[in-house]
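> Kindly return the folded structure for what I paste below:
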Amino acid sequence: MAGGSDVRLGQTLILLVILSAAGGWNYHRNAVIEDAAPRPYRGYSDQELNQMISAYQDEVEIQMARYRNSSVAKKVAVRGGGLLDDRIDEFERVQRLSKKRKESAYQVTENQILVEQLATERLTRERNRPIYKMIFRRLTTF
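This is a model prediction of the structure:
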C-alpha cells in the first residue's frame, strides 16, 4: 500500500512540475507579446490619461458642432455663369469650400482616433487590475 501512494505522489509532483514549467513559459511568451504591442500612451499616468480623453472628447464635440453649423457642412450650390472667367471663379470657389470641408472632417477624424486610442489604453490598464488578473491571464492564455 505504501508503495502505491509513493508512486501517485511522484506522478503528482511530476505533473505539478510540468504544469508549472508550461505556465511559466506561457506567462513569459504572453508578457513578451504584450510588451511588444504598440502602446503610445503607456508612459502617462491614469490621471493624465483621463484628462486627455476628456479634453479630446470635448474638442471632438466642439469641432462636430462647428462643422454642422458652418457653411462648409451645407451642400455647395454651384452658381451658373455664362462667361469662362465666371465659370473658372466658380470652380475655384467650390474647390476651396470642398477643401475646407475635407480639412474639417480630417481634424474631427484625427481627434476621434486619438480618443479611441486613449480609451484602448485605459481598457488595457483596467483589464490588468488587480495584478492577479494579469498574472492569471498570462498564465492561461494560449
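> Just the helices from the protein, written as ranges.
2-36, 46-69, 84-127, 131-140 (DSSP state H).
> Return the set of buried residues in the first one.
Put plainly, it is helix 2-36. 27, 30 (16 or more other C-beta atoms under 10 Å). (Glycine included, C-beta is placed from N, CA and C.)
> Specify the angle between that helix and helix 131-140 in degrees.
110 degrees (axes from the mean of the first three to the mean of the last three C-alpha atoms, to 10 degrees).
> picking up where we left off before, JSON lines for the helices of the chain, including mean pLDDT?
JSON lines is the format used below for the helices of the chain (pLDDT from 0 to 100):
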{"stretch": "helix 2-36", "mean pLDDT": "89"}
{"stretch": "helix 46-69", "mean pLDDT": "90"}
{"stretch": "helix 84-127", "mean pLDDT": "87"}
{"stretch": "helix 131-140", "mean pLDDT": "88"}
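> Distance check, the spatially closest residue to Gln107 that is not a sequence neighbour against Glu92.
Closest residue in space to Gln107, ignoring its immediate chain neighbours: Gln63 at 6.0 Å, by C-beta to C-beta, 6 or more residues apart in numbering. Look at Gln63 and Glu92: by C-beta to C-beta, to the nearest Å, they are 26 Å apart.
> out of those two, which sits in the busier spot?
Each of Gln63 and Glu92 has its neighbours counted (other C-beta atoms under 10 Å); Gln63 has more, 18 against 10.
> Ser104 is in contact with that one, correct?
Yes. Using C-beta atoms under 8 Å, Gln63 makes contact with Ser104 at a distance of 7.1 Å.
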